[in-house]
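Student: Quick one: sequence and predicted model below, then my questions.
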Amino acid sequence: MSQGEQNDGPATALPVTLEIYLDGTPANEVRPTAVAHRPGPLGLPRPYWVLWGGMLLNCLGGTVFFLLGVYLTRERGLSTELAGLIISAYAAGGLLAGPVGGVLADRLGRRATLLLGTATAGTLMLALGGARSTTGIVVLAPLLGFFTALCRPPLLAAVADVVPPEDRPRAYGLLHWAINLGFAGAAVFGGALADHHFILLFLIDGLTTFGYGAIVLACLSETRPAAAANGGMPAARRHLLGSLLAPLSDRRLVRFVLIQLLLFTAFTQVIVTLPLDMRAHGLGMGAIGRLLAFNGIGIVVLQPIALRTLGRFSRVGWLAAGALFVGLGCGVTAFASGTPLYVAGILLWTLGEIGFATGSPAIIAELAPTEQRGAYQGTYQLAWGAASTLAPALGALVLARLGSGALWLGGLGLCLLAAGLHLRFTGQPPAR
């Protein structure tokens, strides 16, 4: 377990300067209070594989969100507009969950926050499946989004706790691979079940979420470093509001989050707006589903190969490459009117997703002081939450008013800007 501590003052008469360089192991990574974890498969410690297995199980049951719009319109008889608002409310619930989940992970511990999130999200999932009134659905959706997203910061912080800095990109990459493998399996079984027993999707999703919590409860000890558990956070930041706002005083973190917001604004379009563009070009729902499946298949097949290649470059380098590939995928899609160019665009932004999904959490873990690892990961989650909430409406507006060419070329421009800003600013050592 690695730590990123800095002393409040020099222990001797000699001045000491601790620096973080993102292209290598951080200079403030020390292990004086670390708990030794014996290596497991692929050289990664056993607690990491507990987290990995729990997340895989959870994602295998996570079919509801992908089919929530169909459920609300077909099963509950809601209008398309109201169904869209409910899905946006679900995403908005996750917007605040990042900072709150991160602070809870630092104050209560990673294990306790994961147990809180999984127990509550599983219960709310079952309640949503049983809800028959529109009011009940509207109330439950944002709460479910909040507690589902609450689990992400403690998960990412726990990986940083137990995995050495040099192995973190690989560890986060394998975690991202498991998430996509789980969702790919969920999509296959969920689509088949939805035609006959839609309520089973809610039951399976809730039970697998409970299963994730049971694995954490039975197999995972607390990973929070001793310095953080013993009150290593400065007194001004021990209050809840101070803890929530503390990461925002780090200009490097804020700048990183804003750059990623540019990237995620473009990337969200390939998740939400791309099916609308495909539909406008005459593709049927079956063809659209098969094309979008290339993303999950591409990650499962390409990510192990890409991680070996990306290991030759700096973390910032492959983060910028990820933004570039997402942009190229958007650029190709601007000229797509049939299957071949859509496939090319999907494969390009899939490579980009591999780059930023593996590099970003590792960089955040390096920026974060040991006692604020959860809070930093939660603050980073704001970028994705904001993009998921705002970008769909923005993309639909551009698509309707200016056309698909403007939408995808605009995405290309945002990604190129993000790549350039990462190369310019993210790799710089901090100012003294």
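Tutor: Sure, I can see it. None of these values were measured; they are calculated from a predicted model.
Student: Show the backbone phi and psi for the spatially closest residue to residue 336 that is not a sequence neighbour.
Tutor: Excluding the flanking residues, the one nearest residue 336 by C-beta to C-beta, 6 or more residues apart in numbering is residue 342, at 4.8 Å. Using the backbone N, CA and C atoms, a C-beta is placed for each residue, glycine as well. As for residue 342, its main-chain torsions (degrees, to the nearest 10) stand at phi -60, psi -40.
Student: from what I can see residue 342 touches residue 290, true?
Tutor: No - contact criterion C-beta atoms under 8 Å: residue 342 and residue 290 do not qualify, at 10.4 Å.
Student: between these two, who's got more neighbours?
Tutor: Using other C-beta atoms under 10 Å, the more surrounded residue of residue 342 and residue 290 is residue 342, with 23 against 13.
Student: quick one: that one from residue 293, how far?
Tutor: Distance, residue 342 to residue 293, using C-beta to C-beta, to the nearest Å: 12 Å.
Student: Check residue 221 too.
Tutor: Distance, residue 221 to residue 293, by C-beta to C-beta: 38 Å.
Student: returning to what we had before: could I get the contacting residues of the residue nearest to residue 336?
Tutor: 278, 291, 333, 336 (C-beta atoms under 8 Å, 6 or more residues apart in numbering).
Student: Now for the protein, the helix or strand with the poorest mean pLDDT.
Tutor: helix 226-229 (a mean of 61; mean pLDDT, DSSP states H and E).
Student: Output the below-cut-off pLDDT ranges for the stretch 101-250 of the chain.
Tutor: 187-188, 191-192, 194-195, 227-241 (pLDDT under 70).
Student: Could you give the number of residues near residue 358?
Tutor: Neighbouring residues of residue 358 were enumerated by other C-beta under 10 Å; the total is 27.
Student: typo on my end, it should be residue 222
Tutor: Residues near residue 222, counting by other C-beta under 10 Å: 15.
Student: Would you check that it makes contact with residue 113?
Tutor: No - assessed by C-beta under 8 Å, residue 222 is found out of contact with residue 113, at 10.4 Å.
Student: Which residues does the helix or strand hosting residue 205 contact?
Tutor: Here residue 205 sits within helix 198-219, counting by DSSP states H and E. By C-beta under 8 Å, 6+ apart, the residues outside helix 198-219 that reach it are 50-51, 53-55, 57-58, 60-64, 67, 71, 75, 111, 114-115, 118-119, 121-123, 125-126, 128-130, 151, 190, 193-194.
Student: Now which of those residues would you call buried?
Tutor: 50-51, 54-55, 57-58, 60-64, 67, 71, 111, 114-115, 118-119, 121-123, 125-126, 128-129, 151, 190, 193-194 (16 or more other C-beta atoms under 10 Å).
Student: roughly how far is stretch 144-151 from the heart of the chain?
Tutor: Offset of stretch 144-151 from its chain centre (C-alpha atoms, centre = their mean, to the nearest Å): 12 Å.
Student: Next: stretch 290-309.
Tutor: 17 Å.
Student: Can you point out the buried residues in that stretch?
Tutor: 291, 292, 294, 295, 296, 298, 299, 302, 303, 306, 307.
Student: Can you give me every residue that contacts the first one?
Tutor: Going back to what we said before, that points to residue 291. 278, 283, 339, 342, 343, 346.
Student: out of those residues, which are inside helices?
Tutor: 278, 339, 342, 343, 346 (DSSP state H).
Student: Pull the most distant pair out of those residues.
Tutor: By the measure C-beta to C-beta, 278 and 343 form the most distant pair in the ones in helices among the contacts of residue 291, at 11.4 Å.
Student: The spatially closest residue to residue 393 that is not a sequence neighbour: how many residues sit nearby?
Tutor: Excluding its sequence neighbours, the residue lying closest to residue 393 (C-beta to C-beta, 6+ apart) is residue 88, at 7.8 Å. Applying other C-beta under 10 Å, we find 18 residues neighbouring residue 88.
Student: wait, doesn't residue 88 sit right on residue 389?
Tutor: Yes - here residue 88 lies in contact with residue 389, judged by C-beta under 8 Å, at a distance of 6.5 Å.
Student: got a list of contacts for the strand or helix carrying residue 59?
Tutor: Residue 59 is part of helix 46-60 when elements are defined by DSSP H and E. Under the criterion C-beta under 8 Å, 6+ apart, residues 37-38, 40-41, 118, 155, 158-159, 162-163, 171, 174-175, 178-183, 185-186, 208-209, 211-213, 215-216, 219-221, 223 lie in contact with helix 46-60.
Student: Just the ones in helices from those, please.
Tutor: Using DSSP H, the contacts of helix 46-60 in helices are 118, 155, 158-159, 162, 171, 174-175, 178-183, 185-186, 208-209, 211-213, 215-216, 219.
Student: Please pick the buried ones from the residues you listed.
Tutor: For the ones in helices among the contacts of helix 46-60, a burial check counting by 16+ other C-beta under 10 Å picks out 118, 155, 158-159, 162, 171, 174-175, 178-183, 185-186, 208-209, 211-213, 215-216.
Student: care to break this structure down by domain?
Tutor: 41-224, 247-427 (automatic domain parsing).
Student: coming back round to it: name all residues that make contact with the residue nearest to residue 393.
Tutor: Residue 88 neighbours (C-beta under 8 Å, 6+ apart): 389, 392, 393.
Student: what about the helices in the stretch 1-150 of the chain?
Tutor: 46-60, 64-70, 80-107, 110-130, 134-149 (DSSP state H, counting those that start in this stretch).
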